[in-house]
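K.L.:
All I have is the shape, not the residue letters:
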């Protein structure tokens, strides 16, 4: 497994010392969100993610996993995958029963919201670190470290009590240990290999400039849009020559429907200082050929209007001349 780790690292971490090198997905995690309206109604959602890319869903009605990518199973066999589905089905059932049946005992008041995330992460040195964290109402509640349940300070005495209760079930601890420290690392390496054609694809970004709402009298908000790029890491800055401009602000990276990404980068400047500024975009797909857009060199609104109106006027003039000549010909046989 360590040999496979280093082989994958050589592919997924080209130019490892470069801050902007493509790193690709490095972690797999499952997320559970369960809502309890009262002691008789509950709903749970489950999903599986490679970093920010969802590759699994969970159908709570049928109790089966949905595969969102052709390679979502990695190198897990059909038999083992079916066993994992059964473990998850039983887990969801028991979790729901335990919360609803023990709410009063643990002084939990409905409605109750719980969140659980568990998985493993491939580190740059080749090691794989597993994790398990649980939250109650959005606040940390407990986590797992090796074979120990660790209550979070935010969980108070309830978290301490539940951790003590969990530690009384060694069979459950053994199952969790196997999933976190055996199945997850093996699956992560397998799915990275199975999906490498898509995960390592390079899609070049498109970039354009616009102005945003005026920040105030005599000021401009310069906006640089970068969209359609993959993988996710991207470097976008407002520049004057080779000097990065302080005050550059980035939006969150937002996903497009085709699994690519979008970023919006803005700069608030005095109107008289906009000349000479440019937006620079670096991305692994560009292979060192950065995109540089100069403010004021793009087509202005007036130019766009002229480009539309002038040909239209010429066309109308030609039509008018044609009708005039035809009318003259008809009236002068």
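P.N.:
Nice, thanks for sending it over. Because the structure is a prediction, the values reported are computed rather than measured. Numbering: from 1, shown residues only.
K.L.:
from here on, contacts and neighbour counts on C-alpha atoms
P.N.:
Noted.
K.L.:
got the contact list for residue 167?
P.N.:
148, 149, 173 (C-alpha atoms under 8 Å, 6 or more residues apart in numbering).
K.L.:
want to throw those into CSV with pLDDT, secondary structure and neighbour count?
P.N.:
As requested, the contacts of residue 167 are arranged in CSV below (pLDDT from 0 to 100; DSSP: H, G, I helix; E, B strand; the rest coil; neighbours: other C-alpha atoms under 10 Å):
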residue, pLDDT, secondary structure, neighbour count
148, 91, strand, 13
149, 95, strand, 21
173, 92, helix, 18
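K.L.:
Redo these as JSON lines? Include distance to residue 275.
P.N.:
Below are the contacts of residue 167 laid out as JSON lines (distance: C-alpha to C-alpha, whole Å):
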{"residue": "148", "distance to residue 275": "60"}
{"residue": "149", "distance to residue 275": "59"}
{"residue": "173", "distance to residue 275": "64"}
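K.L.:
need the helices for the protein, in chain order.
P.N.:
Using DSSP state H, the helices of the chain run over residues 2-12, 78-102, 156-166, 170-178, 184-194, 196-199, 301-331.
K.L.:
Mind listing what's buried along the third one?
P.N.:
What that stands for is helix 156-166. Neighbour counts over helix 156-166 (16 or more other C-alpha atoms under 10 Å) mark 158, 159, 160, 162, 163 as buried.
K.L.:
ok, the nearest residue to the third one once chain neighbours are set aside - contacts?
P.N.:
Right, the one you point to is residue 160. If you skip the residues right next to it in sequence, residue 160 has residue 151 as its closest partner in space, 5.3 Å away by C-alpha to C-alpha, 6 or more residues apart in numbering. By C-alpha under 8 Å, 6+ apart, residue 151 lies in contact with 141, 142, 143, 159, 160, 163.
K.L.:
Kindly reformat those as a markdown table and extend each row with distance to residue 107 and pLDDT.
P.N.:
Compiled in a markdown table, those are given as follows (distance: C-alpha to C-alpha, whole Å; pLDDT from 0 to 100):
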| residue | distance to residue 107 | pLDDT |
| --- | --- | --- |
| 141 | 14 | 97 |
| 142 | 17 | 97 |
| 143 | 20 | 97 |
| 159 | 11 | 96 |
| 160 | 13 | 95 |
| 163 | 15 | 95 |
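K.L.:
sorry, back to before: so how far is residue 134 from the residue nearest to residue 160?
P.N.:
Using C-alpha to C-alpha, to the nearest Å, we find residue 151 at a distance of 10 Å from residue 134.
K.L.:
what does residue 279 give?
P.N.:
In this structure, residue 279 and residue 134 are separated by 42 Å, where distance is defined by C-alpha to C-alpha.
K.L.:
Can you pick out the residue with more neighbours from those two?
P.N.:
More neighbours sit around residue 279 than around the other of residue 279 and residue 134, counting by other C-alpha atoms under 10 Å; the figures are 27 against 20.
K.L.:
Need the distance between the two termini of stretch 280-295.
P.N.:
Using C-alpha to C-alpha, the span of stretch 280-295 from its first residue to its last is 11 Å.
K.L.:
now do stretch 188-206
P.N.:
Where stretch 188-206 starts and where it finishes are 31 Å apart, if you go by C-alpha to C-alpha.
K.L.:
re the thing from before, among the contacts of residue 151, which pair sits farthest apart?
P.N.:
Spanning the widest gap among these are 143 and 160, at 11.1 Å by C-alpha to C-alpha.
K.L.:
Output the contacts of residue 151 as TSV; include the columns distance to residue 213.
P.N.:
As requested, the contacts of residue 151 are arranged in TSV below (distance: C-alpha to C-alpha, whole Å):
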residue	distance to residue 213
141	43
142	45
143	45
159	48
160	51
163	52
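K.L.:
of those residues, closest to residue 191?
P.N.:
Minimum distance to residue 191 across the contacts of residue 151 is 25.4 Å, recorded for residue 143 (C-alpha to C-alpha).
K.L.:
which residues does the closest one bridge with?
P.N.:
According to DSSP bridges, the partner residues bridging residue 143 are residue 133, residue 150.
K.L.:
quick one: it and residue 134 touch, right?
P.N.:
Yes: assessed by C-alpha atoms under 8 Å, residue 143 is found in contact with residue 134 at 6.0 Å.
K.L.:
on that earlier part again, same list (the buried residues of helix 156-166) but as TSV, adding distance to residue 89.
P.N.:
As requested, those are exported to TSV (distance: C-alpha to C-alpha, whole Å):
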residue	distance to residue 89
158	26
159	24
160	27
162	22
163	22
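K.L.:
Return the two entries of those that lie farthest from one another.
P.N.:
Distance extremes for those: the farthest pair is 158 and 163 at 8.6 Å, using C-alpha to C-alpha.
K.L.:
Nearest to residue 243, out of the contacts of residue 151: which one, please.
P.N.:
Taking C-alpha to C-alpha as the measure, residue 143 is the one of those closest to residue 243, at 44.9 Å.
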